[in-house]
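Q: Coordinates for the following, if possible.
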Amino acid sequence: MKNLNNLLSLASLKVSEEEEEKLAQEVFKIIKYFDELKEVEDSSLINPSSLNFHPQELILREDRELPFTDREEIMRNFPELEGEYLKSPPIEKE
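A: Next up, the predicted model:
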């Protein structure tokens, strides 16, 4: 934590204790990742744009239009109705 506090000081950043703990975990993950990279002997075949830095893979599906065949079933499964309309929570500005 001392090194993290030095880094935060150099960057003129102030964070709460809770944020500091989360940040420490993130920095540890980054350092661990770089340690793994050090083990790679020949990186000339790696395309940097193909690297995925997120733990989950991005899975895409083809967009296609599906007709609504049973309107009544859709309405039965919707959490809230207003007359014949589907009611959703209001969109709030931040």
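
Q: elements contacting the helix or strand bottoming out on mean pLDDT in the chain?
A: Of all helical and strand segments in the chain, the minimum by mean pLDDT, DSSP states H and E falls on helix 2-10, at a mean of 83. Under the contact criterion of 3 or more CB pairs under 8 Å, 6 or more residues apart in numbering; DSSP states H and E, helix 2-10 touches helix 17-38. For every residue, glycine as well, the C-beta is placed using N, CA and C.

Q: returning to what we had before: please compute how far the least confident helix or strand of the chain lies from its chain's middle.
A: Helix 2-10 has its C-alpha centroid displaced from the chain centroid by 26 Å (CA atoms, centre = their mean, to the nearest Å).

Q: same check, this time on stretch 21-33
A: Going by CA atoms, centre = their mean, where stretch 21-33 is centred and where its chain is centred differ by 16 Å.

Q: ok, and what's touching the least confident helix or strand of the chain?
A: Helix 2-10 is contacted from outside by Lys14, Val15, Glu20, Leu23, Ala24, Val27, using CB atoms under 8 Å, 6 or more residues apart in numbering.

Q: which one of these is nearest Glu73?
A: Leu23 (47.5 Å; CB to CB).

Q: In contact with that closest one, which residues?
A: Leu4, Leu8, Val15.

Q: hmm, back to that, just the buried ones among the contacts of helix 2-10, please.
A: Glu20 (16 or more other CB atoms under 10 Å).
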